[in-house]
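In: What follows is a protein structure lacking sequence information:
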(Lines give C-alpha, C1' and ligand atoms only; values in the text may rest on other atoms or scores of the structure.)
Protein backbone atom coordinates (compact mmCIF):
# COMPACT_ATOMS: atom_id res chain seq x y z
CA UNK A 1 0.00 0.00 0.00
CA UNK A 2 1.44 3.34 -1.03
CA UNK A 3 1.12 6.10 1.55
CA UNK A 4 1.36 9.77 0.70
CA UNK A 5 2.82 12.38 3.07
CA UNK A 6 0.56 15.39 3.68
CA UNK A 7 2.88 17.27 6.02
CA UNK A 8 1.87 18.72 9.39
CA UNK A 9 -1.89 19.15 8.91
CA UNK A 10 -4.77 18.66 11.38
CA UNK A 11 -6.80 16.66 8.87
CA UNK A 12 -9.07 14.92 11.38
CA UNK A 13 -12.41 14.07 9.78
CA UNK A 14 -15.25 14.54 10.14
CA UNK A 15 -15.69 17.57 12.39
CA UNK A 16 -19.01 18.92 13.76
CA UNK A 17 -20.84 22.11 12.82
CA UNK A 18 -21.37 24.18 15.97
CA UNK A 19 -22.98 27.59 16.49
CA UNK A 20 -21.40 29.32 19.47
CA UNK A 21 -23.80 31.76 21.14
CA UNK A 22 -22.83 34.75 23.29
CA UNK A 23 -24.05 38.22 24.29
CA UNK A 24 -21.71 41.00 23.16
CA UNK A 25 -20.68 43.84 25.47
CA UNK A 26 -23.94 45.64 24.63
CA UNK A 27 -26.01 42.54 25.39
CA UNK A 28 -26.76 41.94 21.72
CA UNK A 29 -27.00 38.25 20.81
CA UNK A 30 -24.40 36.78 18.47
CA UNK A 31 -23.52 33.39 17.00
CA UNK A 32 -20.52 32.14 15.11
CA UNK A 33 -19.93 28.88 13.27
CA UNK A 34 -17.12 26.65 14.50
CA UNK A 35 -15.94 23.17 13.50
CA UNK A 36 -12.88 22.84 15.72
CA UNK A 37 -14.53 21.23 18.75
CA UNK A 38 -16.04 18.16 20.33
CA UNK A 39 -16.81 16.30 23.54
CA UNK A 40 -13.84 16.20 25.95
CA UNK A 41 -15.14 14.69 29.20
CA UNK A 42 -18.08 12.58 30.43
CA UNK A 43 -18.14 13.40 34.17
CA UNK A 44 -18.46 16.32 34.44
CA UNK A 45 -19.88 16.57 30.92
CA UNK A 46 -17.54 18.88 29.01
CA UNK A 47 -17.21 20.09 25.45
CA UNK A 48 -14.47 22.13 23.80
CA UNK A 49 -14.60 24.65 21.00
CA UNK A 50 -11.59 26.49 19.55
CA UNK A 51 -11.78 30.06 18.24
CA UNK A 52 -9.29 32.54 16.85
CA UNK A 53 -8.58 35.46 19.16
CA UNK A 54 -9.66 37.92 16.45
CA UNK A 55 -13.26 36.71 16.46
CA UNK A 56 -15.94 38.80 18.14
CA UNK A 57 -17.17 35.73 20.02
CA UNK A 58 -13.71 35.12 21.55
CA UNK A 59 -13.92 38.34 23.54
CA UNK A 60 -17.52 37.70 24.52
CA UNK A 61 -16.69 34.27 25.98
CA UNK A 62 -13.73 35.67 27.92
CA UNK A 63 -15.92 38.44 29.31
CA UNK A 64 -18.95 36.32 30.23
CA UNK A 65 -17.24 33.04 31.15
CA UNK A 66 -19.91 31.05 29.36
CA UNK A 67 -21.39 30.23 25.97
CA UNK A 68 -23.99 28.06 24.29
CA UNK A 69 -23.58 25.58 21.46
CA UNK A 70 -26.57 25.29 19.13
CA UNK A 71 -26.36 22.37 16.72
CA UNK A 72 -28.02 23.14 13.38
CA UNK A 73 -29.78 20.52 11.31
CA UNK A 74 -28.80 19.80 7.70
CA UNK A 75 -31.57 22.03 6.37
CA UNK A 76 -30.13 24.95 8.38
CA UNK A 77 -26.64 24.54 6.94
CA UNK A 78 -26.64 27.67 4.74
CA UNK A 79 -27.66 29.73 7.78
CA UNK A 80 -24.87 28.11 9.81
CA UNK A 81 -22.42 28.91 7.02
CA UNK A 82 -23.50 32.55 7.05
CA UNK A 83 -22.73 32.64 10.77
CA UNK A 84 -19.13 31.84 9.85
CA UNK A 85 -18.93 34.34 6.99
CA UNK A 86 -19.63 37.65 8.74
CA UNK A 87 -18.75 39.19 12.09
CA UNK A 88 -21.20 40.07 14.83
CA UNK A 89 -19.28 43.33 15.15
CA UNK A 90 -21.09 44.63 12.09
CA UNK A 91 -24.03 42.29 11.42
CA UNK A 92 -26.97 41.17 13.54
CA UNK A 93 -26.87 37.56 12.38
CA UNK A 94 -30.06 36.56 14.18
CA UNK A 95 -31.96 39.28 12.31
CA UNK A 96 -30.33 38.47 8.98
CA UNK A 97 -31.18 34.77 9.35
CA UNK A 98 -34.66 35.21 10.75
CA UNK A 99 -33.65 33.32 13.87
CA UNK A 100 -34.66 34.02 17.47
CA UNK A 101 -32.17 34.41 20.31
CA UNK A 102 -33.40 32.77 23.50
CA UNK A 103 -31.55 33.25 26.82
CA UNK A 104 -30.03 30.04 28.18
CA UNK A 105 -31.46 28.82 31.46
CA UNK A 106 -28.25 28.07 33.34
CA UNK A 107 -25.68 30.49 31.85
CA UNK A 108 -25.68 34.11 30.68
CA UNK A 109 -25.66 33.49 26.93
CA UNK A 110 -28.25 33.21 24.15
CA UNK A 111 -28.97 30.17 22.01
CA UNK A 112 -30.77 29.64 18.69
CA UNK A 113 -34.44 28.84 19.34
CA UNK A 114 -34.77 27.14 15.94
CA UNK A 115 -31.88 24.67 16.36
CA UNK A 116 -32.84 21.12 17.33
CA UNK A 117 -30.20 20.66 20.05
CA UNK A 118 -28.49 23.13 22.41
CA UNK A 119 -25.78 22.83 25.07
CA UNK A 120 -25.37 25.48 27.78
CA UNK A 121 -21.73 25.74 28.88
CA UNK A 122 -19.87 27.32 31.78
CA UNK A 123 -16.25 28.10 30.83
CA UNK A 124 -13.82 25.90 32.78
CA UNK A 125 -10.53 26.58 31.00
CA UNK A 126 -9.19 28.62 28.12
CA UNK A 127 -6.19 26.84 26.61
CA UNK A 128 -3.98 29.05 24.41
CA UNK A 129 -2.59 26.92 21.59
CA UNK A 130 -1.43 29.40 18.93
CA UNK A 131 -3.85 30.57 16.26
CA UNK A 132 -6.76 29.29 18.38
CA UNK A 133 -7.89 29.38 22.00
CA UNK A 134 -9.59 26.19 23.12
CA UNK A 135 -12.55 27.00 25.37
CA UNK A 136 -13.40 24.02 27.55
CA UNK A 137 -16.92 24.29 28.93
CA UNK A 138 -18.89 22.23 31.41
CA UNK A 139 -22.35 21.46 30.04
CA UNK A 140 -24.75 22.60 32.75
CA UNK A 141 -27.84 21.88 30.68
CA UNK A 142 -28.78 20.40 27.32
CA UNK A 143 -32.14 20.84 25.67
CA UNK A 144 -33.74 19.70 22.45
CA UNK A 145 -36.85 20.28 20.41
CA UNK A 146 -39.54 17.85 21.50
CA UNK A 147 -39.88 16.81 17.84
CA UNK A 148 -36.34 15.32 17.66
CA UNK A 149 -36.59 13.11 20.74
CA UNK A 150 -36.60 9.34 20.38
CA UNK A 151 -38.57 6.86 22.47
CA UNK A 152 -35.77 6.85 25.07
CA UNK A 153 -36.17 10.61 25.64
CA UNK A 154 -32.78 11.38 24.07
CA UNK A 155 -32.23 13.21 20.79
CA UNK A 156 -32.57 10.84 17.82
CA UNK A 157 -29.68 11.67 15.49
CA UNK A 158 -31.83 10.78 12.46
CA UNK A 159 -34.27 13.51 13.52
CA UNK A 160 -31.63 16.05 14.65
CA UNK A 161 -29.88 15.54 11.30
CA UNK A 162 -26.62 17.25 12.33
CA UNK A 163 -24.21 18.29 9.60
CA UNK A 164 -20.52 17.49 9.46
CA UNK A 165 -17.67 19.56 8.06
CA UNK A 166 -14.83 18.20 5.95
CA UNK A 167 -11.66 20.12 6.85
CA UNK A 168 -9.87 18.84 3.73
CA UNK A 169 -12.43 19.61 1.03
CA UNK A 170 -14.22 22.45 2.82
CA UNK A 171 -17.71 21.06 2.20
CA UNK A 172 -20.54 20.22 4.57
CA UNK A 173 -22.11 16.78 4.54
CA UNK A 174 -25.21 15.17 5.94
CA UNK A 175 -25.42 12.06 8.04
CA UNK A 176 -25.24 8.70 6.26
CA UNK A 177 -26.48 5.18 6.88
CA UNK A 178 -26.55 3.51 10.27
CA UNK A 179 -23.44 1.31 10.42
CA UNK A 180 -24.34 -0.54 13.62
CA UNK A 181 -24.33 -0.35 17.39
CA UNK A 182 -21.17 0.61 19.27
CA UNK A 183 -19.63 -1.81 21.76
CA UNK A 184 -21.52 -4.52 19.90
CA UNK A 185 -20.61 -4.91 16.23
CA UNK A 186 -16.94 -5.40 17.13
CA UNK A 187 -17.64 -8.62 19.01
CA UNK A 188 -17.32 -10.56 15.78
CA UNK A 189 -13.56 -10.10 16.06
CA UNK A 190 -13.56 -11.70 19.51
CA UNK A 191 -14.47 -15.11 18.14
CA UNK A 192 -10.88 -16.25 18.24
CA UNK A 193 -9.32 -14.55 21.25
CA UNK A 194 -5.60 -14.14 20.81
CA UNK A 195 -4.09 -13.33 24.20
CA UNK A 196 -0.87 -11.36 24.43
CA UNK B 1 -41.72 25.33 19.75
CA UNK B 2 -41.62 23.03 22.74
CA UNK B 3 -38.17 22.36 24.11
CA UNK B 4 -37.30 19.44 26.32
CA UNK B 5 -34.69 19.57 29.08
CA UNK B 6 -32.09 16.79 28.90
CA UNK B 7 -30.09 17.78 31.97
CA UNK B 8 -26.31 18.21 32.08
CA UNK B 9 -25.24 15.96 29.19
CA UNK B 10 -22.43 16.40 26.64
CA UNK B 11 -24.70 15.51 23.72
CA UNK B 12 -22.63 17.14 20.99
CA UNK B 13 -23.19 15.37 17.67
CA UNK B 14 -21.73 13.99 15.62
CA UNK B 15 -18.36 12.91 17.01
CA UNK B 16 -15.53 11.26 15.06
CA UNK B 17 -14.25 7.68 15.28
CA UNK B 18 -10.55 7.74 16.11
CA UNK B 19 -8.07 4.93 16.69
CA UNK B 20 -5.35 6.08 19.10
CA UNK B 21 -2.08 4.22 18.56
CA UNK B 22 0.70 3.73 21.11
CA UNK B 23 3.46 1.32 22.07
CA UNK B 24 2.97 -0.24 25.50
CA UNK B 25 5.81 -0.49 28.06
CA UNK B 26 7.02 -3.68 26.32
CA UNK B 27 6.96 -1.99 22.89
CA UNK B 28 3.90 -3.95 21.79
CA UNK B 29 1.60 -1.95 19.49
CA UNK B 30 -1.87 -1.07 20.73
CA UNK B 31 -4.88 0.89 19.51
CA UNK B 32 -8.02 2.03 21.23
CA UNK B 33 -11.19 3.57 19.82
CA UNK B 34 -12.12 7.08 20.96
CA UNK B 35 -14.89 9.48 19.96
CA UNK B 36 -14.23 12.31 22.40
CA UNK B 37 -11.88 14.40 20.28
CA UNK B 38 -11.40 16.77 17.39
CA UNK B 39 -9.30 19.51 15.86
CA UNK B 40 -8.37 22.24 18.35
CA UNK B 41 -5.89 24.54 16.57
CA UNK B 42 -4.80 25.41 13.02
CA UNK B 43 -1.32 26.90 13.61
CA UNK B 44 0.31 24.84 14.99
CA UNK B 45 -2.01 22.08 13.77
CA UNK B 46 -3.37 20.42 16.92
CA UNK B 47 -5.91 17.74 17.71
CA UNK B 48 -7.30 16.60 21.04
CA UNK B 49 -8.47 13.20 22.23
CA UNK B 50 -9.88 12.44 25.67
CA UNK B 51 -9.32 9.11 27.43
CA UNK B 52 -10.24 7.70 30.82
CA UNK B 53 -7.27 7.24 33.14
CA UNK B 54 -8.06 3.53 33.50
CA UNK B 55 -7.37 2.81 29.83
CA UNK B 56 -4.14 1.08 28.86
CA UNK B 57 -3.52 3.74 26.21
CA UNK B 58 -3.68 6.56 28.79
CA UNK B 59 -0.53 5.29 30.52
CA UNK B 60 1.22 4.70 27.21
CA UNK B 61 0.64 8.28 26.05
CA UNK B 62 1.86 9.69 29.37
CA UNK B 63 4.98 7.55 29.17
CA UNK B 64 5.82 8.20 25.51
CA UNK B 65 4.57 11.77 25.14
CA UNK B 66 3.10 11.02 21.73
CA UNK B 67 0.43 9.04 19.91
CA UNK B 68 -1.03 8.47 16.47
CA UNK B 69 -4.62 8.83 15.31
CA UNK B 70 -5.67 6.41 12.56
CA UNK B 71 -9.02 7.23 10.99
CA UNK B 72 -10.89 4.09 9.92
CA UNK B 73 -13.19 3.99 6.91
CA UNK B 74 -16.83 2.93 7.16
CA UNK B 75 -16.00 -0.60 6.05
CA UNK B 76 -13.53 -0.90 8.93
CA UNK B 77 -16.08 0.11 11.55
CA UNK B 78 -16.53 -3.29 13.20
CA UNK B 79 -12.75 -3.51 13.64
CA UNK B 80 -12.74 0.00 15.13
CA UNK B 81 -15.53 -1.02 17.50
CA UNK B 82 -13.53 -4.05 18.62
CA UNK B 83 -10.64 -1.71 19.47
CA UNK B 84 -13.00 -0.06 21.97
CA UNK B 85 -14.32 -3.32 23.42
CA UNK B 86 -11.19 -4.99 24.75
CA UNK B 87 -8.03 -3.81 26.49
CA UNK B 88 -4.55 -3.98 25.06
CA UNK B 89 -3.47 -5.25 28.48
CA UNK B 90 -4.81 -8.68 27.56
CA UNK B 91 -5.43 -8.71 23.81
CA UNK B 92 -3.15 -8.04 20.83
CA UNK B 93 -5.74 -6.08 18.85
CA UNK B 94 -3.61 -5.79 15.72
CA UNK B 95 -3.30 -9.59 15.57
CA UNK B 96 -6.99 -10.15 16.34
CA UNK B 97 -8.03 -7.73 13.59
CA UNK B 98 -5.49 -8.82 11.01
CA UNK B 99 -4.08 -5.30 10.94
CA UNK B 100 -0.44 -4.23 10.65
CA UNK B 101 1.24 -1.81 13.05
CA UNK B 102 3.58 0.56 11.26
CA UNK B 103 5.92 2.89 13.19
CA UNK B 104 5.11 6.57 12.72
CA UNK B 105 7.79 8.61 11.00
CA UNK B 106 7.93 11.62 13.32
CA UNK B 107 6.89 10.23 16.74
CA UNK B 108 7.52 7.03 18.70
CA UNK B 109 4.12 5.39 18.22
CA UNK B 110 2.57 2.89 15.80
CA UNK B 111 -0.32 3.51 13.42
CA UNK B 112 -2.68 1.25 11.48
CA UNK B 113 -1.25 0.53 8.04
CA UNK B 114 -4.70 -0.30 6.66
CA UNK B 115 -6.44 2.97 7.69
CA UNK B 116 -6.88 5.58 4.96
CA UNK B 117 -5.72 8.57 7.02
CA UNK B 118 -3.24 8.91 9.90
CA UNK B 119 -2.09 11.80 12.10
CA UNK B 120 1.19 11.63 14.03
CA UNK B 121 0.97 13.65 17.26
CA UNK B 122 3.43 14.98 19.81
CA UNK B 123 1.78 15.51 23.20
CA UNK B 124 1.60 19.22 24.07
CA UNK B 125 -0.71 19.22 27.11
CA UNK B 126 -2.63 16.74 29.23
CA UNK B 127 -5.68 18.50 30.68
CA UNK B 128 -7.29 16.68 33.63
CA UNK B 129 -11.04 17.24 33.47
CA UNK B 130 -12.55 14.52 35.69
CA UNK B 131 -13.44 11.15 34.22
CA UNK B 132 -11.25 11.96 31.20
CA UNK B 133 -7.82 13.40 30.46
CA UNK B 134 -7.74 15.51 27.34
CA UNK B 135 -4.51 14.91 25.42
CA UNK B 136 -3.73 17.83 23.13
CA UNK B 137 -1.27 16.85 20.43
CA UNK B 138 0.56 18.79 17.76
CA UNK B 139 0.26 17.05 14.40
CA UNK B 140 3.82 16.68 13.16
CA UNK B 141 2.83 14.67 10.12
CA UNK B 142 -0.28 13.42 8.37
CA UNK B 143 -0.33 10.71 5.75
CA UNK B 144 -2.96 9.01 3.66
CA UNK B 145 -3.33 6.10 1.32
CA UNK B 146 -2.59 7.21 -2.23
CA UNK B 147 -5.96 5.77 -3.26
CA UNK B 148 -7.98 8.28 -1.16
CA UNK B 149 -6.30 11.43 -2.48
CA UNK B 150 -8.27 13.88 -4.58
CA UNK B 151 -6.96 15.92 -7.53
CA UNK B 152 -5.76 18.61 -5.06
CA UNK B 153 -3.50 16.12 -3.30
CA UNK B 154 -5.60 16.18 -0.12
CA UNK B 155 -7.71 13.31 1.22
CA UNK B 156 -11.11 13.18 -0.53
CA UNK B 157 -13.66 12.57 2.24
CA UNK B 158 -15.83 10.58 -0.16
CA UNK B 159 -12.92 8.17 -0.63
CA UNK B 160 -11.75 8.17 3.02
CA UNK B 161 -15.36 7.44 4.05
CA UNK B 162 -14.85 8.26 7.75
CA UNK B 163 -17.47 7.07 10.22
CA UNK B 164 -19.18 9.20 12.83
CA UNK B 165 -20.42 8.22 16.28
CA UNK B 166 -23.72 9.26 17.81
CA UNK B 167 -23.20 9.82 21.54
CA UNK B 168 -26.96 9.77 22.18
CA UNK B 169 -28.00 6.61 20.37
CA UNK B 170 -24.65 4.81 20.51
CA UNK B 171 -24.60 3.90 16.83
CA UNK B 172 -22.04 4.56 14.12
CA UNK B 173 -23.07 6.26 10.90
CA UNK B 174 -21.55 6.79 7.50
CA UNK B 175 -21.13 10.06 5.67
CA UNK B 176 -24.15 11.52 3.88
CA UNK B 177 -24.77 13.79 0.95
CA UNK B 178 -22.67 16.83 0.09
CA UNK B 179 -24.57 19.84 1.44
CA UNK B 180 -22.43 22.50 -0.19
CA UNK B 181 -19.21 24.47 0.09
CA UNK B 182 -18.30 26.23 3.32
CA UNK B 183 -17.83 30.01 3.35
CA UNK B 184 -19.94 30.04 0.21
CA UNK B 185 -23.47 28.68 0.60
CA UNK B 186 -24.19 31.14 3.41
CA UNK B 187 -23.81 34.14 1.10
CA UNK B 188 -27.47 33.87 0.14
CA UNK B 189 -28.30 35.38 3.55
CA UNK B 190 -26.13 38.37 2.80
CA UNK B 191 -28.46 39.64 0.06
CA UNK B 192 -30.13 42.06 2.40
CA UNK B 193 -27.41 43.25 4.77
CA UNK B 194 -28.89 44.38 8.07
CA UNK B 195 -26.22 46.34 9.92
CA UNK B 196 -26.28 46.50 13.69
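Out: Everything's here; your move. Quick caveat: nothing in here was measured; it's all calculated off a predicted structure.
In: Tell me how far the longest helix that chain A contains lies from the chain's centre.
Out: Ranked by residue count under DSSP state H, the longest helix found in chain A is helix A:56-64. Mean-position distance between helix A:56-64 and its chain equals 17 Å (CA atoms, centre = their mean, to the nearest Å).
In: ok, longest strand in chain A?
Out: Secondary structure of chain A per DSSP state E: the longest strand is strand A:132-145.
In: can you list the residues that contact whatever helix or strand comes next after that strand?
Out: As assigned by DSSP states H and E, the chain's next helix or strand after strand A:132-145 is helix A:157-160. Applying CB atoms under 8 Å, 6 or more residues apart in numbering or on different chains, the contact partners of helix A:157-160 are A:71, A:73, A:116-117, A:144, A:147-150, A:175, A:178, B:13-14, B:166, B:168-169, B:171, B:173. Placement of C-beta: from N, CA and C, glycine included.
In: Which of those fall in strands?
Out: Per DSSP E, the contacts of helix A:157-160 map to strands at A:71, A:117, A:144, A:175, A:178, B:171, B:173.
In: by contact count, what packs against the helix or strand of chain A with the lowest mean pLDDT?
Out: Using mean pLDDT, DSSP states H and E, the weakest-scoring helix or strand in chain A turns out to be strand A:3-7, at a mean of 95. Applying 3 or more CB pairs under 8 Å, 6 or more residues apart in numbering or on different chains; DSSP states H and E, one finds that strand A:3-7 makes contact with strand B:132-145.
In: and the strand it packs on, what does it pack onto?
Out: The helices and strands touching strand B:132-145, judged by 3+ CB pairs under 8 Å, 6+ apart, are strand A:3-7, strand A:37-41, strand B:46-52, strand B:66-71, strand B:117-128.
In: quick one on the thing from earlier: contacts made by the longest helix of chain A with the rest, please.
Out: A:20, A:22-25, A:30-32, A:51-52, A:67, A:87-89, A:107-109, A:123, A:126, A:133, A:135.
In: hmm, which of those residues are the buried ones?
Out: A:20, A:22-24, A:30-32, A:51-52, A:67, A:88, A:107-109, A:123, A:133, A:135 (16 or more other CB atoms under 10 Å in any protein chain shown).
In: what about the closest residue to residue A:187 other than its chain neighbours, which SS state?
Out: Spatially, and ignoring its direct neighbours in sequence, residue A:187 is nearest to residue B:85 (6.7 Å; CB to CB, 6 or more residues apart in numbering or on different chains). For residue B:85, the assignment made with DSSP: H, G, I helix; E, B strand; the rest coil gives coil.
In: ok now do residue B:85, which residues does it touch?
Out: Residues in contact with residue B:85 (CB under 8 Å, 6+ apart) are A:183, A:186-187, A:190.
In: Let's have those residues in TSV, adding secondary structure.
Out: Formatted as TSV, those follow (three-state DSSP):
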residue	secondary structure
A:183	coil
A:186	helix
A:187	helix
A:190	helix
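In: Most neighbours out of these, which is it?
Out: Highest neighbour count within the contacts of residue B:85, by other CB atoms under 10 Å in any protein chain shown: residue A:186, with 24 neighbours.
In: do stretch A:165-176 and chain B meet?
Out: Yes: interface with chain B: stretch A:165-176 contributes A:165-176 (CB under 8 Å from any CB of the partner chain).
In: Selecting buried members of these in ChimeraX, what would you type?
Out: Those of the residues of stretch A:165-176 next to chain B that count as buried under 16+ other CB under 10 Å are selected in ChimeraX with:
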select /A:165,166,167,168,169,171,172,173,174,175,176
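In: got TSV for the residues of stretch A:165-176 next to chain B, with pLDDT too?
Out: Listed next are the residues of stretch A:165-176 next to chain B as TSV, based on pLDDT from 0 to 100:
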residue	pLDDT
A:165	98
A:166	98
A:167	98
A:168	98
A:169	97
A:170	98
A:171	98
A:172	98
A:173	98
A:174	98
A:175	97
A:176	97
